[in-house]
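J.: sequence plus predicted model, see below.
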Amino acid sequence: QSGAEAVRPSKTPAGCESKARSPNVALTMRPPAPLRKITLVVVNAYEELVLDWGTGLDQSLYAEAIIHELGGADAVTYQLPMQLNGTSLGNQRFHLLDDRTAFRVTTFQKPSLAQYETSIRKLLVPSPLRSIHWVNVARHEILLRSIHR
């Protein structure tokens with residue numbers, strides 16, 4: 001792994017199960033390790049967001065709302081160096097919760113979930129990250145997963 005610093009992009013683009021307070025939306029969590037305080041901010045913000053806006057909206061709307069809640073794009077959007085076996089692969093944009101934890105937002109329906117989790121695991125390999133917290137807002141279910149290398 002590289003000790004390189006995260007680089008801000010020159011232009012940033014705009015388990016346990018429990019029921020959310022809305023009777024029509026299930027909130028499913030499968031954290032393999034205890035969630036950090038910042039992650040709880042994301043979870044609480046999503047719960048409030050879904051109760052207010054509902055599900056079925058475009059992924060970018062949910063992502064922008066959480067990014068705003070965490071201080072805006074300048075506070076959480078970074079280009080991180082990607083390396084595999086000592087070879088630089090370039091940089092990848094991530095939304096960071098801390099220097100080793102990113103988050104992703106999707107709006108997939110069930111058939112795509114397993115494939116995307118595999119993709120996230122592959123993305124972690126060349127990255128300097130330890131984990132990615134993934135939030136998927138489907139029509140009647142919000143899935144939160146902490147995926148670790």
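T.: Here it is on my side, so go on.
J.: tell me where the chain has strands.
T.: 16-19, 26-30, 77-84, 87-98, 101-106, 131-137, 141-148 (DSSP state E).
J.: looking at the ones you listed, which has the lowest confidence?
T.: Comparing mean pLDDT across those, the weakest is strand 16-19, with a mean of 27.
J.: please report the distance of the nearest residue to residue 101 once chain neighbours are set aside from residue 97.
T.: Excluding its sequence neighbours, the residue lying closest to residue 101 (CB to CB, 6 or more residues apart in numbering) is residue 131, at 5.2 Å. (Each C-beta comes from the backbone N, C-alpha and C, glycine too.) According to CB to CB, to the nearest Å, residue 131 and residue 97 sit 9 Å apart.
J.: ok, the two, which is more surrounded?
T.: Counted by other CB atoms under 10 Å, residue 131 and residue 97 do not tie: residue 131 has more neighbours, with 23 against 20.
J.: looking at it, that one is touching residue 123, isn't it?
T.: No. Shown here, residue 131 and residue 123 do not form a contact pair, counting by CB atoms under 8 Å, at 11.4 Å.
J.: quick one on the thing from earlier: ranking the strands of the chain by burial, who's on top?
T.: The highest mean neighbour count among the strands of the chain, using mean count of other CB atoms under 10 Å, belongs to strand 131-137: a mean of 23.
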